[in-house]
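Visitor: Sequence and computational prediction follow.
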Amino acid sequence: MTKANGSHPAKRMVKGEPPGRNGSAGGVRASQADSSMSESDSENDDGFHLTSASQPSSSYASDAYKPGSIKHIALENFVTYDHISVTPGPHMNMIIGPNGTGKSTIVCAIALGLGEKTSVLGRAKDISEFVKHGHEQGSIEITLAGKQPGSSVTIRREIHRENNKTVWRINGRICGAGEVARTTRSLHVQVGSLCQFLPQDRVVEFSKLSPQALLRETLVAVGRDDLLQLQADLADRRQRERSMLADHRRLSGETVELQKKYEALERDVQRWRERQEAESQLRVLTALVPVARYTAAKALYDGAKEQRRSAHARYQEARNAAGPAEDEILEIEGRVAAAENQRRQLADKRTAAERSARQHMAKFERLEAQQRDLRAELDAVRERARRRREQIAQLRAEVTRLSAQLDETPRPEGESDESLREMNETRARKLEASNELMALQDEQQALARTGRRINDDVARRAEQLRGLDDVAARRREALRRFNEDTWRALEWLEANRGLFAQHVFAPVCLEASVRDARYAALVETIVGASTLRTFVVQCDADYHVFARHVIDTMRLRVDVVSLRRTLDDFHAPQPAERLRALGFDGYALDFVDAPRPVLAALCDRDRIHEVPVALGGVDNEAVRAQGFVKEYVAGGTHYSVTRGRYGSRAATVTTARARQHARLLSAGEDDEAREERARCTREMSELRDRLQANEQAMKRLAVRDGKARDAHRRLEAREGELRRQRDARMDAVRAWERRKIHVDSKLAQLESLVGEERRDAQAGGAASVAQQERRRIEQQLRDNASQRADLVDQAQRAAAESARVLHASVAAGLRGLSDARALAGLRAEAERQRRGVEDARLAFDAASDAFARAKQHAKECLDETRLVTQDMSDAERQAVRDAQEQRQDVTCEALEIELSTCRQRLSMAASAGLSARVMEEHGRRKQQLEANRAERERIGGELRVVRRQKQRLREQWQAPLEGIVAAIGRNFARMFEHIGCAGEVALRPAGDGVVVAATAEAEAEAEGAAPRDDEDYGAWGVEVRVAFRANEALQALDSHRQSGGERAVSTIVYLQALQALVSAPFRVVDEINQGMDPRNERLVHALIVDTACRPDVAQYFLITPKLLPGLEYHARMKVLCIFNGEWQPESFNPAAYIAHQRSSSSQAA
C-alpha cells in the first residue's frame, strides 16, 4: 500500500473522464510500476504511472512536441510522492484530482526541475523542504523536446536534505545551475513569468501586478525582450533628457544672475582703474626722489675720484725720489750683515774649541773618580777577608747555642688517629643533617607550590560561580550581539522610565525564561525572532511615547506592542491530559515564565498556548487524526499541518528542522548550569580540604625543620671545636719545625764560609782569589793614569785654537763698526725722505677714504632707486625716465613736496573701500559667465542629440508594442464578449510635463531637434479593464474592486488572449477556477480548450481539484487524473472503470 505524505496508507485509483458534449470519450489509464506486483508487494511501492487512456492520435506523435515542451516528468521522494511518472501530451493537459493529492506538487516539480528558485512558488524557502518526509534525498527528472525533430533534453535535479544542496544533470552528465539556465533559455522556457507559469500560491499576485509589471510580464511571455530593452533605453534617454533640461534651466538662471553681478562690477572696476593710474603716478614720483639723490651723489663721487687720482700721483713721485738712498743703505747693510755673519761663525768655532776643552776636562775628572773607586775597591777586598774570619767565629758560637736549645725541646705530636676519626664522623653527621634540611626545604617548596595551585583553583571556581550568578548580564550581552538597535532602545528605556505611565517591559527575550532548559530551543523554534526582541507596553499612551522617542527620534528599528487582551483571554484548545495521551509534554506556554502581559503578547503573536511540544517523538498519525493540532514540535522537528478545503479535507504536513540551540531564551539557571554550580561547589570544598591538609603538612615539616636545624648547629659547633684543637697542635709542630729550619740555615751558612776559607788555604803555590782581585785592580789604576795624560795634551791644543779664533773675531768686529757708522748717516737722510713719502701716502689715503664714502653714498642711492623701480613695469620705468627728463632742473626738495601732495590725494581716494579684489572678482565673474554659456551650449547640443535618439527608439518600440497590445486586446475583448462580459486591454502611456515646460531660450537654441514629448516611457504599462454586469462601466482590474472569481476569470482570459502570441513552449495554470461560479467556470473552460487545442499553440497545463460535468472536450486534450490519499477504496480496477464508462456512453448515445 502506498502512503500519502509519508504517513497514511494510500490507495491508488484511476478514474476516466466522463464523455464530453461532443460525444468523444476522454480519460486516462494508470498502471502500476510492476503489474505483476502482489498486494503485499504493492505495500512497498509508493509510485504510480499516468498515461493516456487510448492509443495516441497523430497529434500525439513525438514530432508534434514544440521545442522546449515537456515530454516526460519523473519524481522520486518529492513532497507527497515516493515515485511518479507523467507523460503529458503536446497540447492541452488537464491534471485533476481532489485537494491534497499532489497536483500542485507536479507544478512545483516543473518549476524547480527547470532551474527556478523556490521563491517562484511562494512556498517553502529551502529546497531541502521539498524532499518527502522520512527521506534524505529526492529527485526531479524532466524531459524536454529538443530543437531537432525527435530529439530530447533530459534535466535531472537531485535534492539532498542534509546539506540543502542540489546536483544537476543534463542527459546524465553532471553540470552546474548556470548550464541548466542556458539550456532552458535556449528553448525559450519562461518559468519565472506569471504570464507563462502561474502556480496556485501566486494566482492572487497576477491581479496585483501594476500596469508596468504587467507590460513587462507580457513582453517576456511573447518573447520580445528586444522591446523591453528598447523601453529601458527610452527610459534612460528620458531620464538623461530631464537631467539635461534641469541643468540647462539652472545654467540659464545662473547666467542671468552672473550677468547682473558682472555689470555691477564694471563701475567699481572703472573707479579702481582711475585709482591705479594715480598710484602709478605716485610710484613715478616715489622713484624720482631717489633718482635725484643718486644724481647728486654721482657728482660727488666723480669729484672724489679725481682728487684721489691727484693724491696717488704725488705719492708715487715721493716714493721715486727716495729710491737711490735706499739702495746705498741696502748695500752697506749687506756688508754689515756679512761682517756680523763672519763674527758669528768665528764665535761658533771658539765655542766649539772651548766645548772640546771642557769635554777633555770632564773625561779627566771621570778618570780621577775611577781611580778613587779602584783604590776603595782594593781596600774592600782586604776588609772582606777580615770580616769573613770574624763571621765564621760568630756563626760557630750561634750554631752551638741554637743546637743546645733544640736538643732541650722535644718535637710536639701531630694530629692523632682518634681525633681524625672523630672529625670525620662529625663531618659525616653534619652532611646527613644538611641533606635532611635540603630535603625538608624541597618538601616545603613543593607544598607551597601545591598551596598556590590550590588557591588559584579556588579563585577560578569562585569566578565561575560569580559568572553563573550573572545570568542577566549574559542575556543582555546576547541581545546586544543579536540586535544592536534593540539593545540601544533598552538602554534608553532604563534611563527614561519616568516618561511612562505604567511599567514598560524589556524585550521578551529578557523578560521571559524557560523553566526547563531542554525546552528552550523548542520554544524558540515557535517564537519568532521579531517577537523575542519586542517591547511590551500596557497602554496606548506609553506606546506613543516609546514610538516617538525610539522609532521616530532615535531612528531605531525595534518592535513594540500594546495589547488590549489579557492572558485570561487565551485558552488552550484541548486539556493537557489529551495532549499527554498523544505523547506531548504540554503546550509551549506551560514551559515559559514571564510577566502576564509578556505571556499575553507571546500568545497573541506566536500562539504558544495552542502549540504543543515534546522532547521525544509522538504518534504523527494520531495527531493528524485528532484534527485540532495545526502546529507542533516533537523529536527535533517542526510540523505544520494544513487541510484541504474540498473533498475529504486531507491533511498536508510541512516539516522543518527545529532549532538545536536557543540563542536568546534561557531558563534562568538550567540543569547544565545547576550541575556546573554543584560541580564548582564540590570542587571548592575538595580544594579547601586539600588546602587545609597542605597547611598541616607544612606545620609538621616546620617542626622537623627546626629539629634538623638544631642538630645541624650542634654538629657545626663540635666540628669547630675539633678544628681549633687540631689547629693548636699543628701550630706547635710548625713552631718547632721553624726553629729546626733556622738552626739548619745557620749551620749551612757556617759550612759555606768555612769551605771558602778552606779553599783559599788549600790553593798552595797558586795565587788566591783575593790576590787575583788585587792585581786586577792595580792594572786598572795604571791604565787610568795613562788615559789622564792623553787628555791633558788634547786640552792644551783646544785652548790654542780658541785663542786664534778670538783674534779673527775681533778684527771682523772692527770692520763692521766702520760700516755701521756710515750706515747711520745714510739712514738719517733716508728717514727724512720716508717722512715725505708718508705724508704723500696719508694724503692719498684721505682722498681714498673720501672717494669710498662718496662711492658708498652713490651706491646706496642707486640701491634705493633700484628697490623703488624693481617691481615697476616697463611702462612705469619709461614714465620715470620721461618724468626725469621733464624735471631735470627740479630739486629733491621740490620733488618731495610734489610726492607728499600725491600721497594725500590717494589717501582720500582709498577711503572709497575699493581693493585689488575688485579686479579679481571681475575676472572670475567673466570667466564663470563664459564657462556657463559654453556649458549651456554643450548641454543644448547633447539635448538635441538625446531627443533625436529618443525619437528613433520610440519609432522602433511604440509601433510593435501597440501591435502586440492591440492583438491581445482584440482577443481579450472577443473572449469576454463570448462569456457575456465586457473587457479591454489598452496601452497606458505616462508623462510628466517636464519637456513642455522648457524655457523659450532652450527652444530657440534647439535647432533641428526631434519633436518633443512628455512621455515617461519607464512608467508605460498595460491596463486591463473589465465589466461583469450589464450597464456597468469598465473598471481597471486590481486586487480590490473585483471579487476573487472575477479576478480569476480576468486572469485566465488574459492568459488565453496571450496564447497565440507566446513564444514559450508550455504554459502552466494552477487552480485558476477556484472561486468561479459554474457558469463562468464552464465558459472559461470552453475558452481554454478552444485556444489551447489549436494546432500551433504552446503546450498547456491546467491544474484543478474539481470539474463540472459535461465540459467541453477536444481530441488534443490529455486528462491526467490523480487519486492519492487515505480515502481511496481498498481495491480499484482502472480498466474496468473505463470500460464501464464507455459502455454507459454508448448506451446513452
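Guide: Great, that's in hand.
Visitor: and Val550, what pLDDT?
Guide: Confidence at Val550, expressed as pLDDT, is 93.
Visitor: Who are the contact partners of it?
Guide: Ala489, Trp492, Leu493, Leu556, Val558, Val560 (Cβ atoms under 8 Å, 6 or more residues apart in numbering). The C-beta positions use only the backbone N, C-alpha and C, and glycine is treated the same way.
Visitor: among these, who's most crowded?
Guide: Ala489 (25 neighbours; other Cβ atoms under 10 Å).
Visitor: Just to be sure, it is in a helix?
Guide: Yes - under DSSP: H, G, I helix; E, B strand; the rest coil, Ala489 falls within a helix.
Visitor: can you give me the helices in the stretch 601-750 of the chain?
Guide: In the stretch 601-750 of the chain, the segments counted as helices under DSSP state H, counting those that start in this stretch are 620-626, 671-761.
Visitor: Just the buried positions in the first one, please.
Guide: Of the residues in helix 620-626, those buried by neighbour count under the rule 16 or more other Cβ atoms under 10 Å are Asn620, Val623, Arg624.
Visitor: pLDDT (mean, whole number) over that helix?
Guide: On average, the pLDDT along helix 620-626 is 81.
Visitor: Can I get it as PDB, trimmed to CA atoms?
Guide: Presented in PDB, the C-alpha positions along helix 620-626 are these (Å, rounded to 0.1, in the frame of the first residue of the first chain):
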ATOM      1  CA  ASN A 620       2.100  11.700  14.000                       C
ATOM      2  CA  GLU A 621      -0.800   9.700  12.500                       C
ATOM      3  CA  ALA A 622      -2.800  10.000  15.700                       C
ATOM      4  CA  VAL A 623      -2.000  13.800  15.900                       C
ATOM      5  CA  ARG A 624      -3.300  14.400  12.400                       C
ATOM      6  CA  ALA A 625      -6.300  12.100  13.100                       C
ATOM      7  CA  GLN A 626      -7.400  14.300  16.000                       C
END
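Visitor: who does it touch, helix- and strand-wise?
Guide: The contact analysis (3 or more Cβ pairs under 8 Å, 6 or more residues apart in numbering; DSSP states H and E) places helix 620-626 against strand 637-643, strand 651-657.
Visitor: what distance separates it from the centre of its chain?
Guide: Distance of helix 620-626 from the chain centroid (Cα atoms, centre = their mean, to the nearest Å) equals 55 Å.
Visitor: try the last one
Guide: In terms of Cα atoms, centre = their mean, the centre of helix 671-761 is set 68 Å apart from its chain centre.
Visitor: all helices in the stretch 751-900 of the chain, in order from the N-terminus.
Guide: Under DSSP H, counting those that start in this stretch, the stretch 751-900 of the chain gives helices at 769-869, 874-886, 892-910.
Visitor: Might you list the low-confidence residue ranges for the stretch 801-950 of the chain?
Guide: 810-819, 821-823, 825-827, 829, 884, 886-890, 895, 898-899, 903-916, 918 (pLDDT under 70).
Visitor: Distance check, the one residue sitting closest to the centre of the chain against Leu510.
Guide: Nearest to the mean C-alpha position of the chain, by Cα atoms, centre = their mean, lies Arg481 at 19.9 Å. For Arg481, the distance to Leu510 equals 14 Å [Cβ to Cβ, to the nearest Å].
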